[in-house]
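Visitor: Sequence and predicted structure, then a few things I'm wondering about:
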Amino acid sequence: MKLKLLCVASAMMLATGLASAQVKIGVSLSATGPAASLGIPEKNTISLLPKTIAGQSVQYILLDDATDTTTAVKNMRKLISEDHVDAVLGSTVTPNSLAMVDVAAETHTPMISMAAGAAIVEPVDAKRAWSFKTPQNDILMATAIAKHMADNGVKTVAFIGFSDAYGEGWYREFQKAADLKKVKIVANERFNRADTSVTGQALKIMAANPDAVLIAGSGTPAALPQRTLKERGYKGKLYQTHGVANNDFLRVCGKDCEGTYLPAGPLLVVDQLPADNPVKKSAAAYKAVYEKAYGAGSISTFGGHAWDAGLLLQHAIPVALKKAKPGTAEFRAALREALENVKDMPGTAGIFNMSAKDHNGLDQRSRVMVEIVNGKWKLAN
């Protein structure tokens, strides 16, 4: 009789434990290494995400991948196999995120990346069914750059980008956009994130004499080609990608970035947006929370990507909880399905509308053209 009662009591305790099981979210970010200027505001933002969603306790387990692909994969496997997380946020950069996509598919674990490369989520096949991302796709930003070039008399352009998936993806998408706007690419160069010199590449670009140069890098390493070109006397227009939209880039690039154009998420110039901009309210809300914690002027679009990932979870977790308990394969599957059905969600980057064919969900409302004027971001006309 005692044994029977003990078994019943144990079963009740187990059931209670399952019912109150904590939602665990793994996070792998580039808080150190070449992408640290992007990963640090993301890390800061994770600390601001809610610890309770739909009455359920949420734990965030954060690891640093040091901008290293191998470490990113190790982190993800640890988070899944040892910490038994229900979803993973990360990584900061495209190469790391692409490597993590395989683990997400293998383990059927939802993953929300904060990197820009479209290949992370396109095409949405069996491999990418478990992967989502919050930054704008490259083609969305590339078309904005090509249009700005064409509208401002640019006929020829040189390209220099990272010698990794970020640079390759950007060249592929920009080539399409440039062709549509009749802008001819006259040089195509590459550099590594950790390089300390790009003199050879700059000389080749100067020899091609382009009307403009597009630098496809992210974070502070993207300042190197621009500074080198300015030192060599380049007088044409300079463009960067949305991968540099943070104040650390402005600090490192200094006066050499004056007059540079780039597409960016509305958050970067939220105070300059018109009142009827559909993203202004949601972006301003994040800015207020972040700057209260980290100081005026500390806002970054990269932190915004982490905030948007958190918003997606806040939409998906309540839906998944109605179908399964955290810590189970069924809950992970329900989370994936809920993420795929997020509609009309305002974030810092834009309005998210996910679907079975679109795991990014952003449209033209998620971009503005920005110019660097007097060392500050200015909404371009």
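Guide: Nice, I can see it. Numbering: from 1, shown residues only.

Visitor: what's next to the strand or helix carrying Lys292, contact-wise?
Guide: Lys292 is located in helix 280-294, with elements delineated by DSSP states H and E. With C-beta atoms under 8 Å, 6 or more residues apart in numbering as the test, helix 280-294 has contacts from 41, 44-45, 47-48, 265-267, 270-271, 273-274, 297-299, 303-304, 307, 346-348. Any C-beta I mention is one placed from the backbone N, CA and C, and that applies to glycine too.

Visitor: Show me how to select, in ChimeraX, the buried members of those residues.
Guide: Paste this into ChimeraX to select the buried members of the contacts of helix 280-294, with burial taken from 16 or more other C-beta atoms under 10 Å:
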select :41,44,45,48,265,266,267,270,273,299,303,304,307,346,347,348
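
Visitor: From the contacts of helix 280-294, which land in helices?
Guide: Pro41, Asn44, Thr45, Gly303, Gly304, Trp307 (DSSP state H).

Visitor: How much space separates the second one from Leu362?
Guide: What it means is Asn44. According to C-beta to C-beta, to the nearest Å, Asn44 stands 23 Å off from Leu362.

Visitor: Mind picking the two most distant members of the ones in helices among the contacts of helix 280-294?
Guide: Across these, no pair lies farther apart than Asn44 and Gly304, at 11.4 Å, counting by C-beta to C-beta.

Visitor: show me the residues around the nearest residue to Ala329 once chain neighbours are set aside that make contact.
Guide: Excluding its sequence neighbours, the residue lying closest to Ala329 (C-beta to C-beta, 6 or more residues apart in numbering) is His108, at 6.4 Å. Residues in contact with His108 (C-beta under 8 Å, 6+ apart) are Trp130, Ala329, Arg332, Ala333, Arg336.

Visitor: mind running it again at 10 Å?
Guide: Ile80, Ala129, Trp130, Ala329, Arg332, Ala333, Arg336 (C-beta atoms under 10 Å, 6 or more residues apart in numbering).

Visitor: does the second one really touch Glu106, like I thought?
Guide: No - taking contacts as C-beta atoms under 10 Å, Ala129 lies outside contact range of Glu106: 11.7 Å.

Visitor: neighbour count winner among those two?
Guide: Ranked by neighbour count (other C-beta atoms under 10 Å), Ala129 and Glu106 place Ala129 first, with 18 against 12.

Visitor: Any idea which helix or strand in the protein has the lowest mean pLDDT?
Guide: Least confident helix or strand of the chain, by mean pLDDT, DSSP states H and E, is helix 2-19 with a mean of 44.

Visitor: Give me the next element, helix or strand, following it.
Guide: With DSSP H and E, the next secondary element past helix 2-19 is strand 23-29.

Visitor: Put the alpha carbons of that following strand into CSV.
Guide: Taking Å, rounded to 0.1, in the frame of the first residue of the first chain, the C-alpha atoms of strand 23-29 are listed here in CSV:
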residue,chain,number,x,y,z
VAL,A,23,11.0,27.4,-21.3
LYS,A,24,14.7,27.3,-22.1
ILE,A,25,16.1,29.5,-24.9
GLY,A,26,19.7,29.0,-25.9
VAL,A,27,21.7,32.0,-27.3
SER,A,28,25.0,31.9,-29.2
LEU,A,29,26.4,35.3,-30.1
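
Visitor: How far does that strand sit from its chain's centre?
Guide: Relative to its parent chain, strand 23-29 has a centroid offset of 15 Å by C-alpha atoms, centre = their mean, to the nearest Å.

Visitor: distance of the residue sitting nearest the centre point of the chain from Gly304?
Guide: Note on the chain: the residue nearest the mean C-alpha position is Met114, at 2.8 Å, using C-alpha atoms, centre = their mean. Met114 is 9 Å from Gly304, where distance means C-beta to C-beta.

Visitor: Would you agree Arg367 is in contact with Asn277?
Guide: No - using C-beta under 10 Å, Arg367 is not in contact with Asn277, being 11.7 Å away.

Visitor: re earlier: how close does the residue nearest to Ala329 get to Lys78?
Guide: Distance from His108 to Lys78, counting by C-beta to C-beta: 17 Å.

Visitor: same deal with Ser91?
Guide: For Ser91 relative to Lys78 (C-beta to C-beta), the value is 14 Å.

Visitor: Looking at the two, which has the bigger crowd around it?
Guide: Ser91 (35 against 15).

Visitor: need the contact list for the more buried one.
Guide: 27-30, 35, 38-39, 42, 63, 65, 67-69, 71-73, 75-76, 97-100, 111, 113-115, 120.

Visitor: Apply 8 Å and report the result again.
Guide: With C-beta under 8 Å, 6+ apart, Ser91 has these contacts: Ser28, Leu29, Ser30, Asp65, Ala72, Ser97, Met100, Ser113, Met114, Ala115.

Visitor: What distance do you get for the fourth one to Trp170?
Guide: Right, Asp65. Asp65 is 21 Å from Trp170, by C-beta to C-beta.

Visitor: try the last one
Guide: Ala115 sits 12 Å away from Trp170, going by C-beta to C-beta.

Visitor: now do the third one
Guide: Taking C-beta to C-beta as the measure, Ser30 and Trp170 are separated by 18 Å.

Visitor: now do Ser282
Guide: For Ser282, the distance to Trp170 equals 27 Å [C-beta to C-beta].

Visitor: Also Gln240?
Guide: Distance, Gln240 to Trp170, by C-beta to C-beta: 11 Å.

Visitor: could I get the ones in helices among the contacts of helix 280-294 as JSON lines with distance to Thr196 and pLDDT?
Guide: Below are these laid out as JSON lines (distance: C-beta to C-beta, whole Å; pLDDT from 0 to 100):
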{"residue": "Pro41", "distance to Thr196": "25", "pLDDT": "96"}
{"residue": "Asn44", "distance to Thr196": "28", "pLDDT": "98"}
{"residue": "Thr45", "distance to Thr196": "30", "pLDDT": "98"}
{"residue": "Gly303", "distance to Thr196": "28", "pLDDT": "97"}
{"residue": "Gly304", "distance to Thr196": "30", "pLDDT": "97"}
{"residue": "Trp307", "distance to Thr196": "33", "pLDDT": "98"}
